[in-house]
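J.: Output the structure for:
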Amino acid sequence: MKSAEIRQKFLDYFESKGHTIVPSAPMVVKDDPTLMFTNAGMNQFKDVILGNISPKSRRVADSQKCLRVSGKHNDLEEVGHDTYHHTMFEMLGNWSFGDYFKENAIAYAWEFLTGEMQLDENRLYATVFEGSDADGLNEDSEAKKIWMNYLPEDRILLGSKKDNFWEMGDMGPCGPCSEIHIDLRPEAERALVSGRELVNKDHPLVIEIWNLVFMQYNRKSDGSLENLPNHHVDTGMGFERLCMAVQGKTSNYDTDVFTPIIDEIARLSGVIYGAEQESDVAMRVVADHLRTIAFSITDGQLPSNVKAGYVIRRILRRAVRYAYTYLNQKDAFMYRLLPVLLETMGRHYPELVSQQELIEKVIREEENAFLRTLDKGIKLLDRIIAKTKADNFVTIPGNVAFELYDTYGFPLDLTELILREQGLVVNRREFQAEMEAQKARSRSAASIDTDDWIELLGGDEQEFVGYDYLEVEVKIARYRKVVTKNKTMYHLVFDTTPFYGEGGGQVGDKGVLVGESESVRIVDTKKENGLTIHIVEKLPEDVTQTFIAKVDEKKRILTANNHTATHLLDYALRKVLGKHVEQKGSYVSDEHLRFDFSHFQKVTDEELAEVATIVNRLIRKNIPLQEFRSISIAEAQKMRAIAIFGEKYGDLVRVIKYGESIELCGGTHVAATGQIGFFKILSETSVSAGVRRIEAITADKAEEYINNTYNNIREIEKLFKNNKNLLESVRLLVEENEGLKKETEKFAKESLRLIKDRLKNQKQVYNDVNVIVAQLAIPAGQAKDIAFQLKGEFDKIVFITGGVVGGKPSLAVMISNNLAEELGLHAGQIVKEAALEIKGGGGGQSFFATAGGSDPDGIERAIERAKKLIMHKLNVD
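T.: Residues are numbered from 1 along each chain as shown. Okay, the predicted model is just below:
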């Protein structure tokens with residue numbers, strides 16, 4: 001049974017049981033501050049499980065793209081070393097929201113595995129929660145009793161809280177779970193050791209394939225548990241592990257999910273899979289990480305140096321490093337594997353196919369950039385090895401190894417591998433101390449202390465009325481205290497709100513909450529798990545009263561101007577550059593707008609001018625807004641509305657239309673385009689391979705920009721005393737300046753020639769060595785120029801100079817190459833020591849080095865100190 005058939009059978013089975021089949025949510029999370037990536041199938045249903053919104057269907061099933069790089073069994077550095085853990089994986093899952101519970105969940109799982117998948121029931125084990133004294137919970141005897149309908153008691157095992165009690169986080173819904181494990185060992189091994197002895201013992205062939213979570217409690221901030229009003233079922237089965245079991249393999253990587261990719265890696269690298277353990281690990285790493293990177297880019301997350309982008313870059317660089325070290329791939333390699341990935345996964349995930357060109361370009365550019373960094377790191381490590389050996393040491397300090405890891409992406413094992421070949425080792429204790437210090441800094445920076453919600457109102461879901469009103473009566477439905485970096489804030493949820501919560505690239509509203517005797521400033525508005533959260537620095541004295549919630553109208557209008565302008569910009573870019581243009585991100589505030597889009601070369605000045613012209617023409621047409629709220633995705637598609645890859649859309653969507661510009665969007669917009677006033681592009685730059693960025697302003701900011709530019713032109717005209725042809729005046733001035741610059745350079749060269757001639761006349765000879773020492777008040781570049789001219793005119797020469805320019809002292813030492821080698825002189829070491837006299841430092845090569853400092857009074861002493869060091873080597877007192 002092929003993997004595609006296994007996936008489809010799962011979906012078909014649960015559809016036959018009354019489940020609604022939903023598409024996978026994006027792997028990259030954009031609307032949940034607690035997550036960067038979808039790490040479990042339940043993520044897209046968090047707001048339902050938390051009770052913030054009602055489920056559209058009480059029974060749901062899907063295959064969800066997930067990414068895990070930390071936590072139990074998910075250390076990134078371990079992926080590839082075993083046969084069943086991954087970064088990106090598919091989670092097959094079925095959910096019940098207040099519908100069926102333990103009995104049906106277990107029955108469905110058993111029937112699917114033993115019936116649809118034809119797995120041997122004698123190889124299956126189930127675990128149930130053993131209870132917890134700390135939480136006052138008894139053994140899950142209900143689940144155990146149900147399992148006894150399918151399994152003998154000796155294959156029903158009790159599991160600890162760590163393995164058999166699932167929690168969403170430190171707070172929130174939780175409950176006991178029941179894991180299904182399968183023993184895939186050969187019969188001979190099974191006869192020797194019972195599978196029950198190996199469950200949850202990290203045996204590669206006795207593995208968990210399905211986890212059935214029974215959510216029946218809510219964990220409060222004080223650690224106590226309370227019963228949930230509705231019980232939910234959340235199950236997750238590793239698709240790759242299921243394929244291994246069904247296809248009779250002993251490794252996930254031996255299933256048809258991975259074998260086409262590994263075969264292609266072997267073909268391109270010329271390395272046979274199965275020949276060597278190290279190259280096998282490398283192939284598994286590349287195959288696994290390729291999937292993660294491709295899906296992340298597809299879902300809108302490009303590699304970068306911050307947050308989610310940094311995680312993706314780290315994963316990509318790990319794959320490049322393994323290919324470089326163990327597969328001898330010194331050039332970009334992974335992007336060439338994309339076609340075979342599309343063959344295996346493109347049918348179920350068509351977004352991969354539509355984004356193929358972008359994925360290839362991003363991966364190739366990232367590979368090339370890291371290979372250059374890797375080369376620099378290896379050269380640096382070579383110098384460290386040489387110095388360590390020269391000092392007769394065998395241990396590299398841990399902080400040096402950590403710098404290689406942190407700056408050049410060298411994992412410790414790569415550093416140790418290179419050092420081992422040279423008979424050296426790393427101080428692991430120091431390295432681990434540096435790692436722990438970095439983690440501690442990260443934890444401290446991210447530390448947030450969140451209290452439980454205090455519920456004031458129950459009942460209906462929160463209503464957003466901000467498209468139509470900026471001021472409404474509200475009541476506080478719930479609130480909580482949040483402490484971040486020793487600053488206390490309060491989160492308020494209203495029964496109704498006109499405030500727009502940050503999302504879709506648009507910043508959140510600000511405003512004020514007005515009560516009977518006080519006003520509280522709302523400093524920001526966020527979205528979290530289906531709730532609009534209003535952030536205040538002070539809690540109202542009476543939280544039960546009726547308030548007036550007022551949005552900052554000016555800020556909202558200016559933000560709407562910029563948001564609508566991004567839609568017009570998107571339309572204009574497609575018109576000018578082509579239909580391949582797709583939005584890859586945006587930022588919209590009251591100050592400016594930023595729009596990222598796919599395009600594979602710099603946008604020319606002429607193209608930018610044409611884009612701006614189209615946008616401003618649409619503004620002047622004063623096209624009215626046509627808004628379509630709560631229409632189906634199918635209706636939106638019929639309208640040819642543009643959707644953004646990586647965005648999560650519900651069953652009902654909102655379409656914003658201005659003439660031919662039609663987009664899915666939940667943001668705030670102008671009633672007609674004329675309100676925008678004017679649109680001005682400020683810059684066009686590159687974000688990454690295949691992605692460009694335009695920054696622009698509108699309305700008040702654009703008017704201010706034009707006025708400032710015009711005023712600057714008027715001032716320039718006054719300087720020229722000419723308002724007839726300013727451009728010609730500037731051109732003539734530039735030409736005149738170029739002529740004067742050439743004359744100045746000619747004069748400077750002549751001046752340097754005269755200085756050099758004077759210095760040659762001052763030279764002294766010691767043991768056939770020409771020594772010139774002089775204090776010169778000239779820039780460091782000119783001193784270097786003279787030094788190298790002198791070096792070319794004398795066979796054996798030492799030149800020492802120093803001076804003070806602009807109040808800053810500098811020193812330079814030049815030694816002819818043959819002298820440096822013959823006498824063991826090193827200009828870099830000499831200036832480093834001499835620079836102490838000017839309270840500075842410096843360095844360089846053996847034949848030329850420079851230094852700077854902060855004490856100009858010490859320059860004569862510095863010159864004299866350098867001279868003495870050299871004279872000593874020349875045996876001159």
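
J.: Regarding the chain, what is its longest helix?
T.: What stands out as the longest helix in the chain, according to DSSP state H, is helix 726-762.

J.: Just name whatever secondary elements that helix is in contact with.
T.: Helix 726-762 sits against helix 699-720, strand 769-775, helix 780-793, with contacts defined as 3 or more CB pairs under 8 Å, 6 or more residues apart in numbering; DSSP states H and E. C-beta here means a position set from N, CA and C on the backbone, and glycine is covered the same way.

J.: Among those, show me which one is buried the most.
T.: Each of the helices and strands packed on helix 726-762 was scored by mean neighbour count; the highest is strand 769-775, a mean of 19, by mean count of other CB atoms under 10 Å.

J.: Okay, now the sheet partners of it, with direction.
T.: Using DSSP bridges, strand 769-775 pairs in its sheet with strand 764-766 (antiparallel), strand 797-805 (parallel).

J.: Doesn't Pro173 belong to a strand?
T.: Yes - Pro173 forms part of a strand when assessed by DSSP: H, G, I helix; E, B strand; the rest coil.

J.: Which residue ranges of the stretch 551-700 of the chain form strands?
T.: Counting by DSSP state E, counting those that start in this stretch, one finds strands in the stretch 551-700 of the chain at the ranges 583-588, 593-598, 626-632, 652-658, 661-664, 679-688, 691-698.

J.: Dump the ones you listed to JSON lines, plus mean pLDDT and mean neighbour count.
T.: Listed next are the strands of the stretch 551-700 of the chain as JSON lines, based on pLDDT from 0 to 100; neighbours: other CB atoms under 10 Å:
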{"stretch": "strand 583-588", "mean pLDDT": "92", "mean neighbour count": "22"}
{"stretch": "strand 593-598", "mean pLDDT": "94", "mean neighbour count": "22"}
{"stretch": "strand 626-632", "mean pLDDT": "93", "mean neighbour count": "13"}
{"stretch": "strand 652-658", "mean pLDDT": "94", "mean neighbour count": "19"}
{"stretch": "strand 661-664", "mean pLDDT": "95", "mean neighbour count": "20"}
{"stretch": "strand 679-688", "mean pLDDT": "94", "mean neighbour count": "16"}
{"stretch": "strand 691-698", "mean pLDDT": "95", "mean neighbour count": "21"}
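
J.: Let me have the ones you listed in CSV, extended by distance to Glu864.
T.: Output for the strands of the stretch 551-700 of the chain, formatted as CSV (distance: least, CB to CB, whole Å):
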stretch, distance to Glu864
strand 583-588, 58
strand 593-598, 57
strand 626-632, 81
strand 652-658, 76
strand 661-664, 73
strand 679-688, 51
strand 691-698, 55
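
J.: Can you give me the distance of Asn622 to Lys376?
T.: From Asn622 across to Lys376, the span is 56 Å (CB to CB, to the nearest Å).

J.: do His85 as well
T.: 32 Å.

J.: do the same with Ala549
T.: As judged by CB to CB, Ala549 and Lys376 stand 55 Å apart.

J.: Which of those two has more residues huddled nearby?
T.: Taking neighbours as other CB atoms under 10 Å, Ala549 and Lys376 compare with Ala549 leading, 27 against 12.

J.: Quick check: nearest residue in space to the more buried one, chain neighbours excluded?
T.: In space, and not counting its chain neighbours, Ala549 is closest to Val474: 4.5 Å by CB to CB, 6 or more residues apart in numbering.

J.: For that neighbour, report the pLDDT, please.
T.: For Val474, the pLDDT comes out at 95.

J.: before we move on, what about Ile207?
T.: Ile207 is assigned 94 on the pLDDT scale.

J.: Gly824 now?
T.: With respect to pLDDT, Gly824 scores 81.

J.: For the nearest residue to it once chain neighbours are set aside, give me its contacts.
T.: Distances taken as CB to CB, 6+ apart put Lys873 closest to Gly824, at 7.1 Å, once the chain neighbours are dropped. By CB atoms under 8 Å, 6 or more residues apart in numbering, the residues touching Lys873 are Leu823, Gly824, Leu825.

J.: Pull out the buried residues from the helix or strand containing Leu417.
T.: Using DSSP states H and E, Leu417 sits within helix 412-421. Neighbour-count burial for helix 412-421 flags Leu412, Leu414, Thr415, Glu416, Ile418, Leu419 (criterion: 16 or more other CB atoms under 10 Å).

J.: now swap in stretch 790-803 and tell me
T.: The neighbour-count check on stretch 790-803 (16+ other CB under 10 Å) flags Leu790, Lys791, Lys796, Ile797, Val798, Phe799, Ile800, Thr801, Gly802, Gly803 as buried.

J.: Let me know which of the strands of the stretch 551-700 of the chain is the nearest to Asn817.
T.: Nearest to Asn817 among these is strand 679-688 (42.2 Å), distances taken as CB to CB.

J.: that older thread, could I get the buried residues of stretch 790-803 as a markdown table with distance to Val60?
T.: Shown next, in a markdown table, are those (distance: CB to CB, whole Å):
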| residue | distance to Val60 |
| --- | --- |
| Leu790 | 81 |
| Lys791 | 78 |
| Lys796 | 85 |
| Ile797 | 83 |
| Val798 | 82 |
| Phe799 | 80 |
| Ile800 | 80 |
| Thr801 | 79 |
| Gly802 | 77 |
| Gly803 | 77 |
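
J.: picking up where we left off before, figure out which of the strands paired with strand 769-775 is closest to Gly501.
T.: For these, the distance to Gly501 is smallest for strand 797-805, at 56.6 Å, taking CB to CB.

J.: Pick out the residue closest to the middle of this structure.
T.: Gly309 (1.5 Å; CA atoms, centre = their mean).

J.: quick one: that residue and Gly300 touch, right?
T.: No - the pair Gly309 and Gly300 fails to qualify as a contact (CB atoms under 8 Å) at a distance of 10.5 Å.

J.: any weak-confidence spans in this protein?
T.: Residue ranges of the chain with pLDDT under 70: 31, 33-34, 70-75, 442-447, 459-460, 645-646, 722-723, 877.

J.: Report how many residues lie close to the residue nearest to Ala549.
T.: 23.

J.: From Glu455, how far off is it?
T.: Using CB to CB, Val474 is found at 16 Å from Glu455.

J.: ditto for Thr709
T.: Distance of Thr709 to Glu455, given as CB to CB: 55 Å.

J.: what's the closest non-adjacent residue to Tyr587?
T.: Arg594 is the one closest to Tyr587 (CB to CB, 6+ apart), at 4.2 Å.

J.: OK, contacts around that neighbour?
T.: Applying CB under 8 Å, 6+ apart to Arg594 gives the contacts Gly585, Ser586, Tyr587, Val588, Arg693, Ile694, Glu695.

J.: Which members of these are the farthest-apart pair?
T.: Pairwise over those, using CB to CB, the maximum falls at Val588 and Arg693, 13.6 Å.

J.: which residues does the nearest residue to Leu456 once chain neighbours are set aside bridge with?
T.: Once flanking residues are discounted, Leu456 sits nearest to Ile476: 5.6 Å by CB to CB, 6+ apart. With DSSP bridges applied, Ile476 shows beta-bridge pairing to Phe494.
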